[in-house]
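*Asks:* When you get a sec, could you give me coordinates for this:
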Amino acid sequence: MADTFAGRVHVEWDATAEVKRDIRSASILKDGRVVFNIAGNKYRIVVWINFPCRVVYIRFIGTHRQYDAIDAQTI
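*Replies:* Got it, this is the predicted structure:
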């Protein structure tokens with residue numbers, strides 16, 4: 001997990017397109033939600049990014065199986 005986010009702590013994204021540009025494995029959902037695949041898609045992190053405030057809220061961390069049981073858009 002650390003490898004995916006290494007060097008990303010001080011990134012200033014203005015839109016989901018910039019997230020996708022920097023982390024190509026990211027899946028872009030609606031309304032600033034992004035899913036990051038970790039450890040060869042074994043784990044997933046769902047975040048909501050408040051772009052104007054430059055804050056990332058972690059909404060879910062779990063295995064791929066656990067992810068399949070949630071609605072990433074509403075969690």
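
*Asks:* Could I get the contacting residues of N41?
*Replies:* Contact analysis of N41 by CB atoms under 8 Å, 6 or more residues apart in numbering lists H64. From N, CA and C alone the C-beta is placed, and that goes for glycine too.

*Asks:* distance of it from A15?
*Replies:* For N41, the distance to A15 (CB to CB, to the nearest Å) stands at 24 Å.

*Asks:* Repeat that for D22.
*Replies:* From D22 to A15 the distance is 11 Å (CB to CB).

*Asks:* likewise Q73?
*Replies:* For Q73, the distance to A15 equals 18 Å [CB to CB].

*Asks:* burial count for A17?
*Replies:* 10 (other CB atoms under 10 Å).

*Asks:* A15: neighbour count?
*Replies:* By other CB under 10 Å, the residues close to A15 number 12.
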